[in-house]
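Participant: Show me how the following folds:
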Amino acid sequence: MIQTIVLNFGYWSFDIISDLGFRIFYRMGLPSKRRTKQSKKDRASHFALKAIALTACPDCKKKILPHKVCPYCGKYNGRQVIKVESLTERKKRRETRYEQKKNI
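Facilitator: Model (predicted):
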């Protein structure tokens with residue numbers, strides 16, 4: 001007659017089967033209780049998207065992220081930090097680059 005005895009030691013469990021020796025199985029961790037609807041909502045309450053806090057640039061009055069350089073005028077905290085090209089300057093620079101590549 002074959003008997004099976006299950007021994008649990010934390011993560012490992014031993015199924016001892018008489019006449020055949022023993023086998024070692026790793027038992028996966030499973031939730032002991034069902035998570036209720038309310039506990040799911042409580043857990044996921046901070047998953048909602050938050051509104052982006054935008055501030056107005058003091059020089060050009062456009063909306064920018066706080067504590068960042070304004071991408072429109074290039075100023076931060078009243079000082080000129082980066083040089084911002086106008087659209088026409090940018091177009092000219094791209095056209096010259098394109099023509100240089102074309103001539104090579």
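Participant: lowest average confidence, helix or strand, in the chain?
Facilitator: With mean pLDDT, DSSP states H and E as the measure, the helix or strand of the chain carrying the lowest mean pLDDT is strand 12-17 (a mean of 52).
Participant: What are the contacting residues of the longest helix along the chain?
Facilitator: Using DSSP state H, we find that the single longest helix of the chain is helix 87-103. Contact with helix 87-103 is made by Glu85, as judged by CB atoms under 8 Å, 6 or more residues apart in numbering. For the C-beta atoms, the positions are set from N, CA and C on the backbone; glycine is no exception.
Participant: can we see that at 10 Å?
Facilitator: 83-86 (CB atoms under 10 Å, 6 or more residues apart in numbering).
Participant: C-alpha coordinates for that helix, PDB please?
Facilitator: Extracted C-alpha coordinates of helix 87-103, given in PDB (Å, rounded to 0.1, in the frame of the first residue of the first chain):
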ATOM      1  CA  LEU A  87      11.700  79.500 -36.800                       C
ATOM      2  CA  THR A  88      13.200  81.300 -39.800                       C
ATOM      3  CA  GLU A  89      16.700  80.800 -38.500                       C
ATOM      4  CA  ARG A  90      16.100  77.200 -37.800                       C
ATOM      5  CA  LYS A  91      14.700  76.700 -41.400                       C
ATOM      6  CA  LYS A  92      17.700  78.300 -42.900                       C
ATOM      7  CA  ARG A  93      20.100  76.200 -40.900                       C
ATOM      8  CA  ARG A  94      18.300  73.000 -41.900                       C
ATOM      9  CA  GLU A  95      18.200  74.000 -45.600                       C
ATOM     10  CA  THR A  96      22.000  74.700 -45.600                       C
ATOM     11  CA  ARG A  97      22.600  71.300 -43.900                       C
ATOM     12  CA  TYR A  98      20.500  69.600 -46.400                       C
ATOM     13  CA  GLU A  99      22.300  71.200 -49.300                       C
ATOM     14  CA  GLN A 100      25.700  70.400 -47.800                       C
ATOM     15  CA  LYS A 101      24.700  66.700 -47.600                       C
ATOM     16  CA  LYS A 102      23.300  66.800 -51.100                       C
ATOM     17  CA  ASN A 103      26.600  68.200 -52.500                       C
END
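Participant: Many thanks, I have nothing further to ask.
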